[in-house]
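Enquirer: I'd like to go over a predicted model; first the sequence, then the structure.
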Amino acid sequence: MRGLHRLGRHLHRHIPYYRGIDPARPDGWPVIDKAELLENFAAMNRAGISLDAVRDALAAGETRIGDHAIGHSTGTSGNRGYFIVSDAERYVWLGTLLAKALPDALWRRHRVALALPGFSRLYGAAGGGSRVTLGLFDLGEGIDRWAGRLAAFAPDTIVAPPKVLRELAGRGLIARGTIAFSAAEVLDPVDVPAIEAATGRPLRQIYMATEGLLGVSCDHGTLHLAEDVVAFEWEAAGDSGLVQPVVTDMTRRAQAMVRYRMNDLLRLDPRTCTCGSALQAVAAVAGRCDDLFVLPGSAGPVTVTPDVLRNAVIDADRRIDDFRIVQTHAAAIAVAIPAGADATAAEAAVARVLARIGARAAITVTHGIPPTDATKLRRVRRDWRGDQSSMSAV
Ligand SMILES: [Zn+2]
């Protein structure tokens, strides 16, 4: 609570959008979403930098405006988040991440390879501190460009999106004993075995977004929310048992990230982790709200969550080690599975799930997984954006 009150005084004094708030009453501060943030961008950062200025600078290849680093999330241009951080903040952020990921870094040396979207731009040639040596590998350049440099760097810890870890593991570029963290994308359990087979250790997760550092797995493998730096509130996503986070970053001062409704869907774990941490455990980051399928049902639109669909497809045939599930139309689902996997079983599994929840859709199953480009991999995706009014059930 002290962190929130201190943040409240800062917002009230320095961030125009929050001039009218009661600094001592966080529950009265407005809940915002991405559209609201983008619309009021200049009023939500201390320097008054406009969204156009950030976009123009990024388009010109700049990574800074004055004393601030700027950047955007991955994602399609219409769906991007933009951020402004002070120099002090970006190192506090990196330091918090490393301290949570490597609590033994005080007395043990580490060589940490970071291959994360935007990181090379944000941190340049950062070398790290005396105990932690950082190696930055630019995802935009492609793995081929830095595979040799990664091997020479010989990291004991590697942080990268799951599809990149799987690719590195497949090429024999991850040494046994390496601590691997999946980050920046939803971790699908289908990617885990190949990575763990390479490292011989449990795969861990860093849950992060444009909105900041949100959680890190402990060495018992449980993803814990970073409640010491971010205040979380929850909104239920229908009656799915999934929740949508509303986050307040208590550390950021240059740009406000306050009661911001994220697009993610989480399944919380009510149990206390055996590691003893009191920080909330997360059973799964299940996908994104705008990838909830909305299908016709006998009593109106029915919402189907990504994890239910993926589990159905994965469990249909053990040869399915990758997949795509896309809502392509109001009542149509396209499933892609690897060549040689059982299409009839996959179709029947999806049909069973739909029947159970009373939803209706034509299901087509094809063989062959479409190639993934550099943007975020979403295996379960809603492409159909038709009648938005029917989405209100979400
Ligand atoms: Zn734990």
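Expert: Alright, I've got the coordinates. Numbering: from 1, shown residues only.
Enquirer: For residue 151, pull up the helix or strand it's in.
Expert: Element membership of residue 151, judged by DSSP states H and E, is helix 143-153.
Enquirer: What is that helix packed up against?
Expert: Applying 3 or more Cβ pairs under 8 Å, 6 or more residues apart in numbering; DSSP states H and E, one finds that helix 143-153 makes contact with strand 110-114, strand 132-136, helix 162-170. Glycine gets a C-beta too; all of them are placed from N, C-alpha and C.
Enquirer: Now the element after the strand or helix carrying residue 286, going C-ward?
Expert: Element membership for residue 286, per DSSP H and E: strand 281-288. Next in sequence after strand 281-288, counting helices and strands by DSSP H and E, comes strand 293-297.
Enquirer: distance between that next one and the chain's centre?
Expert: Relative to its parent chain, strand 293-297 has a centroid offset of 25 Å by Cα atoms, centre = their mean, to the nearest Å.
Enquirer: Show me the contact partners of that strand.
Expert: Contacting residues not belonging to strand 293-297 are listed as 301-304, 306, 309, 327, 330-331, 333, 354, 357-361, 382, 390-391, 393-394 [Cβ atoms under 8 Å, 6 or more residues apart in numbering].
Enquirer: Return the residues of the stretch 201-350 of the chain in contact with the ion.
Expert: 218, 220, 222, 273, 275, 277 (Cβ under 5 Å from the ion).
Enquirer: now the first one, nearest residue through space, not along the chain?
Expert: Among residues not flanking residue 218 along the chain, residue 275 sits closest, at 4.4 Å (Cβ to Cβ, 6 or more residues apart in numbering).
Enquirer: Secondary structure of that neighbour: a strand, I assume?
Expert: No: applying DSSP: H, G, I helix; E, B strand; the rest coil, one finds residue 275 to be coil, outside a strand.
Enquirer: I'd like to know how many residues surround it.
Expert: Using other Cβ atoms under 10 Å as the criterion, residue 275 is surrounded by 14 other residues.
Enquirer: residues of the lowest-mean-pLDDT helix or strand in the chain that come out buried?
Expert: Scoring the helices and strands of the chain by mean pLDDT, DSSP states H and E places helix 119-123 at the bottom, with a mean of 72. For helix 119-123, the neighbour count (16 or more other Cβ atoms under 10 Å) marks 119-123 as buried.
Enquirer: cool, stretch 84-100 as well?
Expert: Neighbour counts using 16+ other Cβ under 10 Å place 84-86, 89-90, 92-94, 96-98, 100 of stretch 84-100 among the buried residues.
Enquirer: just so I have it, where are all the helices in the stretch 151-300 of the chain?
Expert: 162-170, 192-199 (DSSP state H, counting those that start in this stretch).
Enquirer: Packing partners of the last one?
Expert: In other words, helix 192-199. Under the contact criterion of 3+ Cβ pairs under 8 Å, 6+ apart, helix 192-199 touches helix 162-170, strand 179-183.
Enquirer: how about a cut-off of 6 Å?
Expert: If contacts are counted by 3 or more Cβ pairs under 6 Å, 6 or more residues apart in numbering; DSSP states H and E, helix 192-199 sits against helix 162-170.
Enquirer: I would like the residues contacting the least confident helix or strand of the chain, please.
Expert: Contacts of helix 119-123 with the rest of the structure, by Cβ atoms under 6 Å, 6 or more residues apart in numbering, involve 63, 69, 71, 136, 138.
Enquirer: Report the two of those separated the most.
Expert: 69 and 138 (16.1 Å; Cβ to Cβ).
Enquirer: quick one: which of the two has more around it?
Expert: Just comparing residue 69 and residue 138: by other Cβ under 10 Å the higher neighbour count belongs to residue 69, 19 against 15.
Enquirer: Helix, strand or coil: sort out that one for me.
Expert: strand.
Enquirer: For it, list the residues it contacts.
Expert: Listed by Cβ under 6 Å, 6+ apart, the contact set of residue 69 reads 85, 90, 122.
Enquirer: And the host helix or strand of the second one, what does it pack against?
Expert: Here residue 90, judged by DSSP H and E, is contained in helix 87-101. If you count contacts as 3+ Cβ pairs under 6 Å, 6+ apart, helix 87-101 packs onto strand 212-217.
Enquirer: re earlier: make CSV out of the helices of the stretch 151-300 of the chain and add mean pLDDT, mean neighbour count and distance to the ion.
Expert: Compiled in CSV, the helices of the stretch 151-300 of the chain are given as follows (pLDDT from 0 to 100; neighbours: other Cβ atoms under 10 Å; distance: least, Cβ to the ion, whole Å):
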stretch, mean pLDDT, mean neighbour count, distance to the ion
helix 162-170, 95, 21, 20
helix 192-199, 96, 18, 17
